[in-house]
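> sequence plus the predicted model coming up.
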Amino acid sequence: MAVFEYAINNLGVNNILITGHSRCGGVKASMSDESVGGVIGRFLSPVHELYTNNKEFLESIPDETERDLFLVELNIKRLVRIVSQLPIVKERWKDGKMLSVHGWIYRLETGELEDLGVTCTNGLKFDTEYLPELEAMGINL
């Protein structure tokens, strides 16, 4: 939270990039039945919960690499939604100042950064533009 506050209020950051990466070991571990303990386990807990809440849909993706990648992208979208709802972000929008929260993925295979097309410029945009499509697929954030 301190990083967001400092970046927005002191540095005047106008763009926040939420970035995940393909071939993520943390996502892979989150999809396992084996529990990950310690600090890493607590860090990965929300991703494991995202997996558990969408297990039926995710398991319907036959290719393991594609399934892992889908969960990485889904987690990025979840985080874009969360960041767009932070009080510090909402204050900036309320004050009429420009701030965008973007969801991107780094493709380890190609070394390219890809825009997932999930950008929030106001707090309601995610829930009105992106959430209905995910819900129509049966996805729960």
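That came through fine. Numbering: from 1, shown residues only.

> beta partners of the nearest residue to residue 19 once chain neighbours are set aside?
What sits nearest to residue 19 in space, not counting adjacent residues and going by Cβ to Cβ, 6 or more residues apart in numbering, is residue 104, at 4.7 Å. Bear in mind the C-beta positions are built from the backbone N, C-alpha and C, glycine included. Counting by DSSP bridges, residue 104 is bridged to residue 19, residue 115.

> list the contacts of residue 104.
Residue 104 sits next to 17-19, 76, 113-116 when contact means Cβ atoms under 8 Å, 6 or more residues apart in numbering.

> so which of these comes closest to residue 31?
Using Cβ to Cβ, residue 76 comes nearest to residue 31 of the contacts of residue 104, at 15.8 Å.

> using CSV, write out every CA atom in the helix or strand containing the closest one.
Assessed by DSSP states H and E, residue 76 sits inside helix 64-84. Only the C-alpha atoms of helix 64-84 are listed here, as CSV (Å, rounded to 0.1, in the frame of the first residue of the first chain):
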residue,chain,number,x,y,z
GLU,A,64,-1.6,-28.1,-19.2
THR,A,65,0.4,-25.2,-20.5
GLU,A,66,-2.7,-23.4,-21.7
ARG,A,67,-4.4,-24.1,-18.4
ASP,A,68,-1.5,-22.6,-16.4
LEU,A,69,-1.4,-19.6,-18.7
PHE,A,70,-5.2,-19.1,-18.3
LEU,A,71,-4.8,-19.0,-14.6
VAL,A,72,-1.9,-16.5,-14.8
GLU,A,73,-4.0,-14.2,-17.0
LEU,A,74,-7.0,-14.7,-14.7
ASN,A,75,-4.9,-13.7,-11.7
ILE,A,76,-3.7,-10.6,-13.4
LYS,A,77,-7.3,-9.6,-14.1
ARG,A,78,-8.2,-10.3,-10.5
LEU,A,79,-5.4,-8.0,-9.4
VAL,A,80,-6.4,-5.2,-11.8
ARG,A,81,-9.8,-5.3,-10.2
ILE,A,82,-8.4,-5.2,-6.7
VAL,A,83,-6.0,-2.4,-7.4
SER,A,84,-8.7,-0.4,-9.2
